[in-house]
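Asks: Give me coordinates for this.
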Amino acid sequence: MCLDRGLPCIRQLLITESEKKMKNKAYPYYELTQIRDLKDLLAGKAETQPDEVAFYYPEEEQVIRKTYGDLYNDVNALGTWMFQKKLRGRNLAIIGENSYEWIVTFFAAILGGNVAVAIDKGLPEDELLNLLRKGDANTVFISETFKDKVKKKSGRKIFGFDEFEDMLKEGRELIAKGKNDFLRYELDPDKTAAILFTSGTSGTSKGVELTNRNITFEINQTCKLFRLEGSVVAVLPFHHAFGLVVGILMVLNHGTSAYINKSLKKVKKDMQDFGPQTMFLVPLFVEFFHRQIWSEIRKRGKEKAFRALMQSTNLLLKMGIDVRKKTYASIHEAFGGRLEYIICGGAPLDSKYVKEFRTWGIEILNGYGTTECSPCTAVNRPHHHLDGSVGQLVPGIDVRVSDDGEIQFRGDLVMKGYYMDEEATEEVLKDGWYRTGDLGYVTKDGFIVLTGREKNLIILSNGENISPEELEMDLARDDAVAEVLVYEEQSKIVAEIYPDEEHRGNLAYFEKLKDKVNKGRPLYKQIVRVKLRDEEFIKNASMKIVRKKNIFPDQTLGEEREE
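Replies: Numbering: from 1, shown residues only. As a prediction, this is how the structure comes out:
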């Protein structure tokens, strides 16, 4: 059985000595039992490890444990209840904070042939109702917190998570009476299983149809690149593909435990209490943790000494001596004491974070994907990684780079299409190839490197094309920059910055930073104007900045420079 606080299950294979000594080079894929579908995933774990804990979550003043046997039985009970309520072949919306109820509802909907329509609970009421219409969902499962956003007068059937135990009880009673239609239901691999809405940084959300085949392929193939050997704290929202498919379904496939974080305000406490081995995060979290670490070091006046210590650590590593866990014990304790890996995706991450966390003894493995690809298409591996890349291709899929530099994918993880939007589907799917809109290249060793976003390109009047991400990354390397967005305004390149608390309103500092970033760049690539924000940028569900100009009033720092 699993030990407490997220230690690996004894039954699992530990990293071999040969792996520990392995240099940064290609090595064989990890081998796991291939699942046929999500029903096979749950049934298999319930059979082989029924008493091991699948989920921990807080409830009032205690922590609840749910085993793999509990999960399987609860999904069957809720699914049987759904069948009794004639909820078959429908689009069922799920709205709420991360919770065990959310996960069970998702499984029960899909395993009974319904379509799970996952919707961001944080959306304004009008937008939330609009996505319910887009997703053709007339039945809603929702947490008590957000019930007011979905009015009963809308004509939709609403079931609250506060009724969850009653649903399960009724479902169990039906099973005891021989009602087994749900248990016998066979999944169609090419039927739409879920609709997940894109959280693009511009434009309107589109409903991505993922089939049973898409999700199953994604789990089977991506798990070959990384072997999870301990527990996780599930932080990313379940309505987002990364948080759901990678952060939950793949964890279950590995047979380990997840602690469900219900509030971002408690992330630090949850990590310290539970001690995860791996975290699945977007760059915003990594950057936040990084700032906190360095802020504490500077408060103690130890920055110079600490950087010297990091240099010594890296020198020792080159000599084969690893003292990182002892040397940086306080950093490890802040993450619960057991954190080894952060799988990071959803947006670009500067390689400086990867290098510094590695020095401290925590490996960040950058990955890449889109909701339209279920979502993961590439990830760096524990013993084969390239800093600055987003990793190597998921086995069994194809990648190509178009003549204009766009990354494109083909394979069983590519979506069925956008729900009820044939025109939008045809724009991105050509002969089975999904057009990502991201620019980049593939190295000779098979690593994918991104250079920008096609739709974000700044095209100046002289015909020059500029990728704003390049400038944003250079600016963001300065700790005084909490958030930044670069765009074109009146044929000038503008950098809009939300500073950290210490540097807000500091004109001289950001003018110097602008000059530093501009140094050595051709004139057409230089930032002309800097704007300072008083508030954070608006972000989407992936915690990426929404690319809309001047969302909030801002203060201009410096005048436009004449060249």
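
Asks: Next, the residue nearest the centre of the chain: secondary structure please.
Replies: When the chain is reduced to its mean C-alpha position, the closest residue under C-alpha atoms, centre = their mean turns out to be Phe242, at 3.7 Å. Remark: Phe242 carries the secondary structure label helix [criterion: DSSP: H, G, I helix; E, B strand; the rest coil].

Asks: That one touches Ile343, doesn't it?
Replies: No. Counting by C-beta atoms under 8 Å, no contact exists between Phe242 and Ile343, whose distance comes to 9.1 Å. For the C-beta atoms, the positions are set from N, CA and C on the backbone; glycine is no exception.

Asks: any residues in contact with both of these two?
Replies: When contacts are counted by C-beta atoms under 8 Å, 6 or more residues apart in numbering, Phe242 and Ile343 have Phe280 as shared neighbours.

Asks: mind checking which helix or strand Val517 is in?
Replies: Following DSSP states H and E, the helix or strand that holds Val517 is helix 507-518.

Asks: Go ahead and name everything in contact with that helix.
Replies: The set of residues external to helix 507-518 that reach it, using C-beta under 8 Å, 6+ apart, is 471, 474-475, 478, 480-481, 495, 497, 499, 503, 526-527, 530, 532, 557-558.

Asks: Where helices are concerned, which of the residues you listed count?
Replies: Taking DSSP state H, the ones among the contacts of helix 507-518 that sit in helices are 471, 474-475.

Asks: I'd like these written out as JSON lines, with distance to Asp515 and pLDDT added.
Replies: Formatted as JSON lines, the entries for these read as follows, by distance: C-beta to C-beta, whole Å; pLDDT from 0 to 100:
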{"residue": "Leu471", "distance to Asp515": "13", "pLDDT": "91"}
{"residue": "Asp474", "distance to Asp515": "12", "pLDDT": "90"}
{"residue": "Leu475", "distance to Asp515": "12", "pLDDT": "94"}
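
Asks: Going by distance to Asp74, which of the residues you listed wins?
Replies: If you rank the ones in helices among the contacts of helix 507-518 by distance to Asp74 using C-beta to C-beta, Leu475 comes first, at 48.0 Å.

Asks: so the closest one touches Glu483, yeah?
Replies: No. Because the distance of 9.9 Å does not satisfy C-beta under 8 Å, Leu475 is recorded as not touching Glu483.

Asks: Could you pull out the residues contacting both of these two?
Replies: Taking C-beta under 8 Å, 6+ apart as the criterion, Leu475 and Glu483 both touch Ile497.

Asks: For the two, indicate the residue with more neighbours.
Replies: Remark: of Leu475 and Glu483, Leu475 carries more neighbours, 23 against 20, as counted by other C-beta atoms under 10 Å.

Asks: From Val390, how far out is that one?
Replies: Computed as C-beta to C-beta, to the nearest Å, the Leu475 to Val390 distance reads 21 Å.

Asks: circling back to that earlier point, nearest to Phe280 among the contacts of helix 507-518?
Replies: The shortest distance between Phe280 and any of the contacts of helix 507-518, using C-beta to C-beta, involves Val481 and amounts to 25.0 Å.

Asks: wouldn't that closest one be in contact with Ala495 here?
Replies: No. In this structure Val481 lies outside contact range of Ala495 using C-beta under 8 Å: 9.1 Å.

Asks: Neighbour count: those two, which is higher?
Replies: For Val481 versus Ala495, neighbours defined as other C-beta under 10 Å are more numerous around Ala495 (25 against 20).

Asks: Dig out what the more buried one forms beta bridges with.
Replies: Ala495 has these beta-bridge partners by DSSP bridges: Val486, Val530.

Asks: thinking it is in contact with Val530, fair?
Replies: Yes. Taking contacts as C-beta under 8 Å, Ala495 lies within contact range of Val530: 5.2 Å.

Asks: and the residue lying closest to Glu454 once chain neighbours are set aside, helix, strand or coil?
Replies: With C-beta to C-beta, 6 or more residues apart in numbering as the criterion, Glu454 has its nearest non-adjacent residue at 4.8 Å, and that residue is Gly437. Recorded secondary structure, Gly437: strand (three-state DSSP).
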